[in-house]
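Enquirer: My questions are about this predicted structure, shown below with the sequence.
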Amino acid sequence: GVSATGRVFDALVVANGHFEQPRIPSGIAGRNTFTGAQMHSRDYRTNAAFRGLDVLVVGMGPSGDDIAKEVAQVARCVYWSGRNASKGDPREDAASGKEAH
């Protein structure tokens, strides 16, 4: 994985832009050398691929919210990033007692 401010992630889900036209920013340092899974919310189907992983979900809209909650049910840890960090904890509705970040 790639370290961002001292954290290493196994997977990245980008949930921004329009669903019909995924937009993954090109200027993210380390994105081209990141060896973990990278996907846009458009390609997300189930949380199975994220079992036991440290996952970064970027995007605070409805897709990011839904994906963060679903992935939180199986991931080791979910980090949820976006412009409006006051929305709350993605694990709030998840049936997991794991710590959220």
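Expert: Perfect, thanks for sending it.
Enquirer: Just the strands from this structure, written as ranges.
Expert: Here the chain has its strands, by DSSP state E, at 3-4, 7-8, 11-14, 17-18, 21-22, 37-40, 54-58, 77-81.
Enquirer: so can I have CSV of these showing distance to Val71?
Expert: (Glycine included, C-beta is placed from N, CA and C.) As requested, the strands of the chain are exported to CSV (distance: least, CB to CB, whole Å):
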stretch, distance to Val71
strand 3-4, 17
strand 7-8, 16
strand 11-14, 7
strand 17-18, 19
strand 21-22, 18
strand 37-40, 11
strand 54-58, 5
strand 77-81, 6
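Enquirer: can you redo those as CSV with mean pLDDT and mean neighbour count?
Expert: Formatted as CSV, those follow (pLDDT from 0 to 100; neighbours: other CB atoms under 10 Å):
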stretch, mean pLDDT, mean neighbour count
strand 3-4, 48, 12
strand 7-8, 74, 12
strand 11-14, 82, 23
strand 17-18, 66, 12
strand 21-22, 72, 12
strand 37-40, 87, 17
strand 54-58, 92, 23
strand 77-81, 90, 22
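Enquirer: so where's this structure shaky on pLDDT?
Expert: Within the chain, the stretches with pLDDT under 70 are 1-6, 17-20, 25, 84-101.
Enquirer: Break down it into its helices, ranges please.
Expert: Under the criterion DSSP state H, the chain contains helices at 62-72.
Enquirer: most centrally placed residue in it?
Expert: For the chain, the residue nearest the mean C-alpha position is Val57 (1.7 Å; CA atoms, centre = their mean).
Enquirer: partners of that residue in the sheet?
Expert: Val13, Trp80 (DSSP bridges).
Enquirer: That one is in contact with Ala11, isn't it?
Expert: No: the pair Val57 / Ala11 is not scored as a contact, 9.1 Å apart, by CB atoms under 8 Å.
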